[in-house]
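Colleague: fold the following, please.
(one chain, ligands or ions: 3)
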Amino acid sequence: MAKFSGLSKEVGHGQRGKVGVLLLNLGTPDEPTASAVRRYLAEFLADPRVVEIPKLLWMLILHGIILRVRPAKSAALYQKVWTAAGSPLMDISLRQTAKLANKLKADNHDVSVHLAMRYGSPSVASTLQTMHQNGIDKIVVLPLYPQYAAPTTGSAFDAIAAELSKWRYIPALHFINTYHDNADFINALANSITADFEAHGKPQKLVLSYHGMPERNLHLGDPYYCFCMKTTRLVTEKLGLGKDEFVMTFQSRFGKAKWLQPYTDATLKALPQQGVRDIAIVCPAFSADCLETLEEIVGENGHLFAEAGGEKFRYIAALNDDDAHITMMANLVKPHF
Ligand SMILES: C=CC1=C(C)c2cc3[nH]c(cc4nc(cc5[nH]c(cc1n2)c(C)c5CCC(=O)O)C(CCC(=O)O)=C4C)c(C)c3C=C
Ligand SMILES: [Fe+2]
Ligand SMILES: [Fe+2]
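Modeller: Numbers count the residues shown, from 1 in each chain. Ligands and ions are numbered 1, 2, ... in the order given. This next block holds a predicted model:
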């Protein structure tokens, strides 16, 4: 008898399918070495959602210049944040996955939780195949990017669609595309900031630093900037901060084009000259601490602020595997079971 292509006979053919949650994040190199970083960046930066310039020209620049120079530089930075548990992003993502599975089980949901990374491993394709082999035919996808952006959330969707385009039977899919204004998210963020203020005192200014994006993407209709503004407004309203008590900035610029402004580094350099020497900084676009928060913010930007005359600099950690963050994830996925 002919086999069902890519399908076990049961799934979707009589037996009740299982429900699975798929957590998705960006991905990280396997090791903090130039060769592992090159592999990772080659996949990441070849994604047309990430760099939107004509393919042929970009491939020449990417392979001719960037992948020759950047991997060694980035690997040196990854080495600074790497721990015995590996890449912080991977370590935290695995803990989030395990804790969400426990939380859903405790809440009496018979649902498994899986982790995939958009670039590197575990890949979206291999994770979807594992879910399928486990009899899952209903998938709730939660990309862990609070503010939708085409280079992150949109690209995560592309990877899912690319794999499923090879399947005959498409599982039921729920794709959570943004949670920038979700009440649990805003409360968790505001509470983590309040806890910092209570422990260390209220700073002169709170800096809310988001990952950047080319400004052109905004004009082409990407809602990321507006969603960052909304997260900022809701969190600062919740904290009761006045307009002069916070500033929203964008970090992690890449390339020569104009990116979303104001830039985090330029802002931190300027603040001491304006009499602001005591700041706390939080990065609400990152659901897990990673190179961009631990090295770029705590390391590089902390240094820039001190050099410019800043005196007190505190980084407020990402929500990572905090209970409030895991509860937020559970509440986001549950309505779709
Ligand atoms: C080249 C363009 C890039 C866009 C656009 C972009 C958007 C974007 N990225 C994140 C989250 C993360 N980015 C991370 C690392 C990272 N990002 C870029 C480039 C773009 N990001 C590069 C080249 C790198 C790699 C590091 C380096 O070589 O500098 C990470 C951390 C990964 C880790 O391993 O720790 C995250 C997370 C968001 C939310 C975003 C939204 C617009
Ligand atoms: Fe990035
Ligand atoms: Fe960076």
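
Colleague: what does this protein put close to ligand 3?
Modeller: With C-beta under 5 Å from the ion as the criterion, the chain comes near ligand 3 at residues S252, E292, E296. In this view, the C-beta of every residue, glycine as well, is placed from N, C-alpha and C.

Colleague: could the residues you listed go into a markdown table alongside neighbour count, distance to W58 and secondary structure?
Modeller: Listed next are these as a markdown table, based on neighbours: other C-beta atoms under 10 Å; distance: C-beta to C-beta, whole Å; DSSP: H, G, I helix; E, B strand; the rest coil:
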| residue | neighbour count | distance to W58 | secondary structure |
| --- | --- | --- | --- |
| S252 | 20 | 19 | coil |
| E292 | 20 | 22 | helix |
| E296 | 21 | 24 | helix |
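
Colleague: quick one: which of these is nearest L115?
Modeller: E292 (19.2 Å; C-beta to C-beta).

Colleague: shouldn't L22 be within a strand?
Modeller: Yes - using DSSP: H, G, I helix; E, B strand; the rest coil, the assignment for L22 is a strand.

Colleague: what segments of the stretch 101-250 of the chain are helices?
Modeller: In the stretch 101-250 of the chain, the helices defined using DSSP state H, counting those that start in this stretch lie at 124-133, 155-164, 183-200, 215-219, 224-239.

Colleague: mind listing what the closest residue to A149 other than its chain neighbours touches?
Modeller: In this structure, A149 finds its nearest non-sequential neighbour in Y224, 3.8 Å apart by C-beta to C-beta, 6 or more residues apart in numbering. Y224 makes contact with Q147, Y148, A149, A150, M213, N217, L218, according to C-beta atoms under 8 Å, 6 or more residues apart in numbering.

Colleague: sorry, back to before: CSV for the helices of the stretch 101-250 of the chain, including distance to S35 and mean pLDDT?
Modeller: What follows is these, written out as CSV (distance: least, C-beta to C-beta, whole Å; pLDDT from 0 to 100):
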stretch, distance to S35, mean pLDDT
helix 124-133, 21, 97
helix 155-164, 23, 98
helix 183-200, 37, 98
helix 215-219, 31, 98
helix 224-239, 32, 98
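
Colleague: ligand 1: which of those is closest?
Modeller: Among those, helix 224-239 comes nearest to ligand 1, with 5.4 Å by C-beta to the nearest ligand atom.

Colleague: just want the angle from the closest one to helix 183-200.
Modeller: Per axes from the mean of the first three to the mean of the last three C-alpha atoms, to 10 degrees, the angle that helix 224-239 makes with helix 183-200 is 60 degrees.

Colleague: with ligand 1 in mind, check whether helix 224-239 reaches it.
Modeller: Yes - for a cut-off given as C-beta under 6 Å from any ligand atom, helix 224-239 has contacts with ligand 1, namely Y224.

Colleague: in that helix, what's buried?
Modeller: For helix 224-239, the neighbour count (16 or more other C-beta atoms under 10 Å) marks Y224, Y225, F227, C228, K230, T231, T232, L234, V235, T236, K238, L239 as buried.

Colleague: and the last one, how far is that from F313?
Modeller: Applying C-beta to C-beta, to the nearest Å, the value for L239 to F313 is 19 Å.

Colleague: likewise the fifth one?
Modeller: Distance from K230 to F313, counting by C-beta to C-beta: 27 Å.

Colleague: contacting residues around Y225?
Modeller: M213, L218, L260.

Colleague: tell me the confidence at the last one?
Modeller: In other words, L260. Listed pLDDT for L260 reads 98.

Colleague: so it touches R216, yeah?
Modeller: No - the criterion here is C-beta atoms under 8 Å, and L260 misses it with R216 at 10.1 Å.

Colleague: now for whatever residue of the stretch 51-200 of the chain ends up closest to ligand 3, how many residues are close by?
Modeller: For the stretch 51-200 of the chain, the nearest residue to ligand 3 under the criterion C-beta to the ion is L77, separated by 7.4 Å. By the criterion of other C-beta atoms under 10 Å, L77 has 18 neighbours.

Colleague: next one: L206
Modeller: For L206, using other C-beta under 10 Å, the count is 24.

Colleague: how about stretch 63-79, does it get close to ligand 1?
Modeller: Yes - using C-beta under 6 Å from any ligand atom, stretch 63-79 reaches ligand 1 at R70, S74.

Colleague: please report how far I92 lies from ligand 1.
Modeller: Per C-beta to the nearest ligand atom, to the nearest Å, I92 is found 10 Å from ligand 1.

Colleague: so that residue is in which element?
Modeller: Taking DSSP states H and E as the definition, one finds I92 inside helix 88-106.
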